[in-house]
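Chemist: Okay, here's the prediction I keep looking at, along with the sequence it came from:
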Amino acid sequence: MDVGKQIGRARQTPARAADEGKSYRLKVFDPHHHLWDLDRNSYPWMEPGTPSIVGDPAPIRKDYLPEDYLADTADFDLIGTVHLDGGFDPENPVGETGFVQTLHEQSGFPNAIVGQVALDSPQAVELIEAHMAASPLFRGIRHIVAWHPDPQLRYVERSDYLRDERWIRNFGKLAGYGLSFDTQVYPHQMDDVARLARTHAETRIIINQAGMPDGLRTGDLSGWKAGMRLLSSCHNVSVKISGFGMLLPGWTQQDVKPLIAELVDLFGPSRLMFASNFPVDKLFRSFRDIYTDYAECVRWLSPSEQEEMFSGTAMQLYRPVFPSVIRK
């Protein structure tokens, strides 16, 4: 597969013939969204009464399938997408990869898959191989290790994943499979991520949700800035800019523009990518509002630098497969 040719073709092909009527002309490759079918699959985090950083997920506790995502992104030229694990049944994480592969065959997207693997599991290697066997779109794994002293912000109950011997040993096997590693961490965990990145320089590490800047709640972003500065010194670390609503539900362009400018200064556009985190962030704002604010925040960059952040960086990293035009 010639990835370069596929990316070039995708960039040159309009999403649909009627695109001229769109209200906002911006080509988007979304490297972080979820799809789910609640009748067929289990998503424990969405069960009523389950504590969640997003509060009550009732408004998104319904099927979210390709047609729903296309409706949410209708104002944009959608090049392609990456599906990230969506809190699928942890007893059957490979089932999600099979489910998404079927959606790709039916709709033309998602165009790459990142699946759930708990690296502390004795079966981690077997799970990695099973994911890869389930879909030729499989590009990486994700293990969220975001522990926070505030229980309301806590994703996991263990604070020591990044220092666990078995976890680190299994992480070290990703390079041999040609897989990347997505994760969510808080700023106080970034020292451990940097240590991991330097020890395993051949593995691409992608920090999700802009590094979970919990300072958006407190007004003190010094820890986030220091952690991001440290991570930026690791050439194999990239960052997805997304998920602000989980920490500041009513965020505005003015709230996040300084953070985005800081990331551009530290990482450069070639290691940054805008992402939607849909439909989770649909709890807070529409896709159109999120992406138009992203665009305003980087209007000072050159067109080629903007293109990297909205599509190019992610396509180079995730090596998407484009079997057909997404919108028909």
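Modeler: Received it, and whenever you're ready, just let me know what you need. Numbering: from 1, shown residues only.
Chemist: could you dump the host helix or strand of residue 139 to PDB, C-alpha only?
Modeler: When elements are assigned from DSSP states H and E, residue 139 belongs to strand 138-142. Extracted as PDB, the C-alpha positions of strand 138-142 are listed here (Å, rounded to 0.1, in the frame of the first residue of the first chain):
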ATOM      1  CA  PHE A 138      -5.300  -1.500  13.200                       C
ATOM      2  CA  ARG A 139      -2.600   1.000  13.800                       C
ATOM      3  CA  GLY A 140      -2.100   1.200  17.600                       C
ATOM      4  CA  ILE A 141      -3.300   0.600  21.000                       C
ATOM      5  CA  ARG A 142      -4.700   2.800  23.800                       C
END
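Chemist: May I have the strands that pair with that strand, each with its orientation?
Modeler: Sheet partners assigned to strand 138-142 using DSSP bridges are listed as strand 112-116 (parallel), strand 180-183 (parallel).
Chemist: Which element is encountered next along the chain beyond it?
Modeler: Scanning forward in sequence from strand 138-142 by DSSP H and E, the next helix or strand is helix 165-171.
Chemist: Export that next one to PDB, keeping only CA atoms.
Modeler: In PDB, the C-alpha atoms belonging to helix 165-171 read as follows (Å, rounded to 0.1, in the frame of the first residue of the first chain):
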ATOM      1  CA  GLU A 165       7.300  -3.800  35.300                       C
ATOM      2  CA  ARG A 166       4.900  -5.900  33.300                       C
ATOM      3  CA  TRP A 167       3.200  -2.900  31.800                       C
ATOM      4  CA  ILE A 168       6.500  -1.400  30.700                       C
ATOM      5  CA  ARG A 169       7.600  -4.800  29.300                       C
ATOM      6  CA  ASN A 170       4.500  -5.100  27.200                       C
ATOM      7  CA  PHE A 171       4.800  -1.500  26.000                       C
END
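Chemist: So for it, what gets flagged as buried?
Modeler: 167, 168, 170, 171 (16 or more other C-beta atoms under 10 Å). In this view, the C-beta of every residue, glycine as well, is placed from N, C-alpha and C.
Chemist: quick one, helices of the stretch 51-200 of the chain?
Modeler: All helices of the stretch 51-200 of the chain, identified by DSSP state H, counting those that start in this stretch, fall at 66-72, 93-107, 124-134, 165-171, 174-177, 190-199.
Chemist: Could you export the ones you listed to JSON lines, including columns for distance to residue 209 and mean pLDDT?
Modeler: Putting those into JSON lines (distance: least, C-beta to C-beta, whole Å; pLDDT from 0 to 100) gives the following:
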{"stretch": "helix 66-72", "distance to residue 209": "19", "mean pLDDT": "97"}
{"stretch": "helix 93-107", "distance to residue 209": "19", "mean pLDDT": "97"}
{"stretch": "helix 124-134", "distance to residue 209": "22", "mean pLDDT": "98"}
{"stretch": "helix 165-171", "distance to residue 209": "20", "mean pLDDT": "98"}
{"stretch": "helix 174-177", "distance to residue 209": "20", "mean pLDDT": "98"}
{"stretch": "helix 190-199", "distance to residue 209": "13", "mean pLDDT": "98"}
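Chemist: Okay then, goodbye and thanks.
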